[in-house]
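Engineer: quick one: sequence plus predicted model below, questions after.
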Amino acid sequence: MHKNWHLLYFTILALHLGAITLQYPTLQLATKPLLVLTLIIYSLKALTNTPPVFKTLLIAALCCSWAGDILLMFDARQEVFFMAGLGSFLLSHLCYISLFLKIRYTNPPLVLCRWPFIFLTEACVLAFIFFLLPHLGPLLVPVIIYAITISFTLLCAMHAFHFNTQPRTWRILIGAIVFIISDALLATNKFYQPLPAAQWWVMLTYGLAQWGIVSGSVAYLDTRRHNALATR
């Protein structure tokens, strides 16, 4: 079942990227909301017997992302759509953070703080904020709050799993990193200067990021459920 859903997801992503390349706005509008919607349905089906707290947090994160995707489709018309989309993705990341923290404290032994990675992550995020600072205008505070929040998503993912013994969780870590790259491209294109093929690269990285986080989380939770059944 998982392979079929992954194939469907990447088919939709390829159609969306093709629509951007060939400048078919109708197909873009049709395929963009389907990306996260596919992940929502996949997660609902795959996590049927998962403890409700994990399932609820993952689905909530995806639903907020889905709302953000739809709102950002109209951000060129009015700035309020960008603000609403930013708020939706902020809520999405708060749900991801809550999910990873819940996993961290129920996935013994507790992962020790990886201080070099913490400092590197926050240094990169702060450097990017200072880079954009003169160009943010009235969106200064919301963008800073969002940037710090998304960095916490990465840090929580980094400290939730034992990557050596839970290998498929690498997808989550890579997904969180690529999510930051996607948002950095979007922010640079919007606030600093237009980038070549920005929309294409933003959607490619965003699509890969969401898939990595969701597929890795589902794989981890599925393995966890099977291990719990085996020890009964």
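Structural biologist: Looks like it came in fine.
Engineer: packing partners for the longest helix along the chain?
Structural biologist: Looking across the chain with DSSP state H, the single longest helix is helix 198-230. Judged by 3 or more Cβ pairs under 8 Å, 6 or more residues apart in numbering; DSSP states H and E, helix 198-230 is in contact with helix 2-22, helix 25-46, helix 52-72, helix 79-104, helix 170-187. All C-beta spots, glycine's among them, are computed from the backbone N, C-alpha and C.
Engineer: average pLDDT for stretch 158-166?
Structural biologist: For stretch 158-166, mean pLDDT is 95.
Engineer: okay if I get the helices and strands packed on helix 198-230 as a markdown table plus mean pLDDT, distance to Leu126 and mean neighbour count?
Structural biologist: Shown next, in a markdown table, are these (pLDDT from 0 to 100; distance: least, Cβ to Cβ, whole Å; neighbours: other Cβ atoms under 10 Å):
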| stretch | mean pLDDT | distance to Leu126 | mean neighbour count |
| --- | --- | --- | --- |
| helix 2-22 | 95 | 31 | 15 |
| helix 25-46 | 97 | 29 | 18 |
| helix 52-72 | 97 | 24 | 20 |
| helix 79-104 | 97 | 17 | 19 |
| helix 170-187 | 98 | 13 | 20 |
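Engineer: compare the ones you listed and give me the one nearest Phe152.
Structural biologist: Of all the helices and strands packed on helix 198-230, helix 79-104 sits nearest to Phe152, with 5.5 Å by Cβ to Cβ.
Engineer: tell me the buried residues in the very next helix or strand once past the closest one?
Structural biologist: Where DSSP states H and E defines the elements, the next helix or strand beyond helix 79-104 is helix 115-132. By 16 or more other Cβ atoms under 10 Å, the buried positions in helix 115-132 come out as 121, 125, 128-129, 132.
Engineer: tell me the angle helix 115-132 makes with helix 170-187.
Structural biologist: 20 degrees (axes from the mean of the first three to the mean of the last three Cα atoms, to 10 degrees).
Engineer: which residue is the nearest non-sequential neighbour of Leu185?
Structural biologist: Leaving aside its chain neighbours, Leu185 sits nearest to Val202 (5.0 Å; criterion: Cβ to Cβ, 6 or more residues apart in numbering).
Engineer: which ones are touching the one you found?
Structural biologist: For Val202, the contacting residues are 182, 185-186, 189, by Cβ atoms under 8 Å, 6 or more residues apart in numbering.
Engineer: and which of these is nearest to Ile150?
Structural biologist: Nearest member of these to Ile150, counting by Cβ to Cβ, is Ser182, at 9.8 Å.
Engineer: the closest one: what's it in contact with?
Structural biologist: By Cβ under 8 Å, 6+ apart, the neighbours of Ser182 are 202, 205-206, 209.
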